[in-house]
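>>> I would like the atomic coordinates for the input below:
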Amino acid sequence: MDEVYLSSSLIRMDYLDLATQPLDYQQKAPIGFLWAVRFFVELFGTGEMALRLFSLICGILSLFIFIPVCRYFTNEKGAVLGLGILAFASPLVFHAVELKQYQTEMLATLVILYSYIKCQHNRSYRGILLWGFIGALVVWFSYASIFILAGIATGLSIYRIIKKEWELFLKQGVSFLIWFLSFGINYLYFTHKHAESKWIVTWFDFYKNFMPVPPESMEDLKWYAINLYRLFDYPLGFLWNIKWLVLLPIGLLFLGLGQLFKRFQDFLVLCFPFLFLFLASGLKLYPLTERFWVFISPILILFIMNGYLWLMDRVHNHLFKLSFTLLLCAGLLLNSMRYVVYPKEFIGHKRSFQREALARIADKFQPGDVVYIYWNNLPGYKVYQKIHPLHFKAIEGKDYRKVSAAHESYLNHLKADFEGFKGKRRVWFVYNDYYRTDIGDGIDQPAWYYEKGENSMFKLLQYFSTLGKQEEVYNSFDIKISLITLNEK
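Now for the predicted structure:
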């Protein structure tokens, strides 16, 4: 649905509108990402492949850039296995074929790390300005890049001060200043208009997506353990049927942190981004759940690889090394194989079946039929009407929840929409059974609509059954369709 929401703006707005106007459905994305996707839309049209092409390019580039990054922070063996983890982590593959900015955010992290490797010892002003330019450009494509840039700037500056490398401290400070000037300009003129709405902060807070800093209860402490566990499932993709095996990559991560401490400069550079990330989450400025970890996934893999290499150097039994490596990567490989064989299961809880549902109607639509789109699925209908023009025009249901006091008054309001059924033979009723709220809604508001034990959708379907014979003709993870053959009267 997020893709649907963002597509709505990208297929109707030009470059100027994307830069100056609020996006539909309160969506938020970096201006560089929006312009890049819009470029491919103008080049190839409004099809889904064109909309997702930039993310795919970013995903492929990430693989190539991760090789020298991983080689620098580990070694040749670490680069091979690290690349394998990045390539086979199913959630990361998912974001590489999705119309959202998360894969671009990950590429931005890798570009910043690669520039650190190449520019950290630069003393020439040409090199300093080049490093400044790279960071300044990246912030226009990635919101989360500020955590990486701030982490590198802080960590490297502290290291220069400790080592009393004053010349490098001052010269590299010019690069850092360029980064933050660019970030400030970007935030002032573009990002600020997409600043988080209060309702979405409330939403993330309700579902405990912000880190409790400091923890004040046992529940807060559980948050850390639960989210560490989830992190290795999404986005790192290690989790599979044998749940306890997730302890292997978790243990390697902490081992890797200990090993990196011996390379103190690199340790500071890789750890400070987490410090700023956790601080932002504690201040309820950045949620920590699933997709919001994607940008920092490469650094987590670097930690794991350092721990893995340390352990392998101390074990001389080749059978153990092979067995351990296979167990470590089992989830990555088995999940990938499963999704190839059963593509409909590919990150199933993230998928929406808008296209398939509407295609089913288009295939079976007959003269004398009418399609009624319930209000909670209008975004999907409107977007696909433009991406894949449909040969039927639907009645667009209105949202009467906020002007109704109970189910009865709600149904009375809806009857105004149902006037369009007159003279028709069959009604295709399309609704979203997963996203039952609207952008900007309070949680479970209005209360009567979401009251426990009451199912407004069920009551509406009961009403339709009084109009004629009803049958469910499509049932997916989110989109459902009922076909009502109306009574002759």
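>>> Break this protein into its domains for me.
If you go by automatic domain parsing, the domain ranges for the chain are 2-348, 352-486.
>>> Adding mean pLDDT and mean neighbour count, write these out as CSV.
C-beta: built from backbone N, CA, C; applies to glycine. Shown next, in CSV, are these (pLDDT from 0 to 100; neighbours: other C-beta atoms under 10 Å):
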stretch, mean pLDDT, mean neighbour count
domain 2-348, 94, 18
domain 352-486, 90, 16
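>>> Okay, strands next: where are they in this structure?
Ranges of strands in the chain, per DSSP state E, are 369-373, 395-396, 426-432, 468-475, 479-486.
>>> Distance from the last one to the middle of the chain?
Here the centre of mass of C-alpha atoms in strand 479-486, compared against the chain's by C-alpha atoms, centre = their mean, to the nearest Å, lies 32 Å away.
>>> and the angle for it with strand 468-475?
Between strand 479-486 and strand 468-475, the angle comes out at 160 degrees (axes from the mean of the first three to the mean of the last three C-alpha atoms, to 10 degrees).
>>> Repeat that for the first one.
For the pair strand 369-373 and strand 468-475, the angle between their directions (the same axes, to 10 degrees) equals 60 degrees.
>>> Check which helices and strands strand 369-373 sits against.
Under the contact criterion of 3 or more C-beta pairs under 8 Å, 6 or more residues apart in numbering; DSSP states H and E, strand 369-373 touches strand 395-396, strand 426-432.
>>> Please dump these into CSV; it should also carry distance to T74 for every row.
CSV is the format used below for these (distance: least, C-beta to C-beta, whole Å):
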stretch, distance to T74
strand 395-396, 55
strand 426-432, 45
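>>> and of these, who's closest to V371?
strand 426-432 (4.4 Å; C-beta to C-beta).
>>> Within the sheet, what are the partner strands of that closest one, with directions?
Sheet pairing for strand 426-432, assigned by DSSP bridges, gives strand 369-373 (parallel), strand 479-486 (antiparallel).
>>> As JSON lines, those strands with distance to W203 would be great.
Supplementary listing: those in JSON lines, determined by distance: least, C-beta to C-beta, whole Å:
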{"stretch": "strand 369-373", "distance to W203": "24"}
{"stretch": "strand 479-486", "distance to W203": "22"}
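>>> Of all those strands, which one is nearest A50?
Closest among the strands paired with strand 426-432, once you apply C-beta to C-beta, is strand 479-486, at 22.9 Å.
>>> Residues touching that closest one, excluding its own?
Applying C-beta atoms under 8 Å, 6 or more residues apart in numbering, the contact partners of strand 479-486 are 352-354, 356-357, 360-361, 377, 380, 421, 424-433, 461, 464-465, 467-475.
>>> Looking at the helices and strands packed on strand 369-373, spot the one closest to Y234.
So among those, strand 426-432 is nearest, using C-beta to C-beta, at 22.7 Å.
>>> Work out the gap between that closest one and the centre of the chain.
Distance, centroid of strand 426-432 to centroid of chain: 29 Å (C-alpha atoms, centre = their mean).
>>> Quick check, central residue of this structure?
R291 (3.7 Å; C-alpha atoms, centre = their mean).
>>> got the contact list for that one?
R291 neighbours (C-beta under 8 Å, 6+ apart): H95, K100, Y102, P235.
>>> which one of those is nearest S182?
Y102 (21.3 Å).
>>> Touching, V93 and L56? I think so.
No: contact between V93 and L56 fails when scored by C-beta atoms under 8 Å: they sit 10.3 Å apart.
>>> Summarise which helices and strands whichever helix in the chain runs longest is packed against.
The helix that spans the most residues within the chain, counting by DSSP state H, is helix 48-73. When contacts are defined as 3+ C-beta pairs under 8 Å, 6+ apart, helix 48-73 sits against helix 2-10, helix 31-44, helix 76-88, helix 90-95, helix 102-119, helix 297-313.
>>> cutoff 10 Å now
helix 2-10, helix 31-44, helix 76-88, helix 90-95, helix 102-119, helix 264-282, helix 297-313, helix 378-387 (3 or more C-beta pairs under 10 Å, 6 or more residues apart in numbering; DSSP states H and E).
>>> can you put those in JSON lines and add distance to T191?
Shown next, in JSON lines, are the helices and strands packed on helix 48-73 (distance: least, C-beta to C-beta, whole Å):
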{"stretch": "helix 2-10", "distance to T191": "16"}
{"stretch": "helix 31-44", "distance to T191": "8"}
{"stretch": "helix 76-88", "distance to T191": "28"}
{"stretch": "helix 90-95", "distance to T191": "21"}
{"stretch": "helix 102-119", "distance to T191": "13"}
{"stretch": "helix 264-282", "distance to T191": "14"}
{"stretch": "helix 297-313", "distance to T191": "22"}
{"stretch": "helix 378-387", "distance to T191": "24"}
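>>> so which of the ones you listed comes closest to V213?
helix 264-282 (2.9 Å).
>>> Between helix 102-119 and the closest one, find me the angle.
Going by the same axes, to 10 degrees, helix 264-282 makes 150 degrees with helix 102-119.
>>> which other helices and strands contact helix 264-282?
helix 48-73, helix 102-119, helix 145-163, helix 247-260, helix 297-313.
>>> now do 8 Å
Helix 264-282 packs on helix 145-163, helix 247-260, helix 297-313, going by 3+ C-beta pairs under 8 Å, 6+ apart.
>>> and the angle for the longest one with helix 264-282?
Think helix 145-163. Using the same axes, to 10 degrees: helix 145-163 against helix 264-282 is 140 degrees.
>>> so what's L245 closest to, chain neighbours aside?
Counting by C-beta to C-beta, 6 or more residues apart in numbering, L245 lies nearest to L327, which is 5.9 Å off, once chain neighbours are set aside.
>>> no no, S55
Closest to S55 by C-beta to C-beta, 6+ apart is Q103, at 4.6 Å.
>>> check contacts around that neighbour.
S55, C58, G59, S62, L92, H95, A96, V294.
>>> Also W240?
Here W240 is in contact with A330, G331, L334, N335 (C-beta under 8 Å, 6+ apart).
>>> Right, I'll call it a day here.
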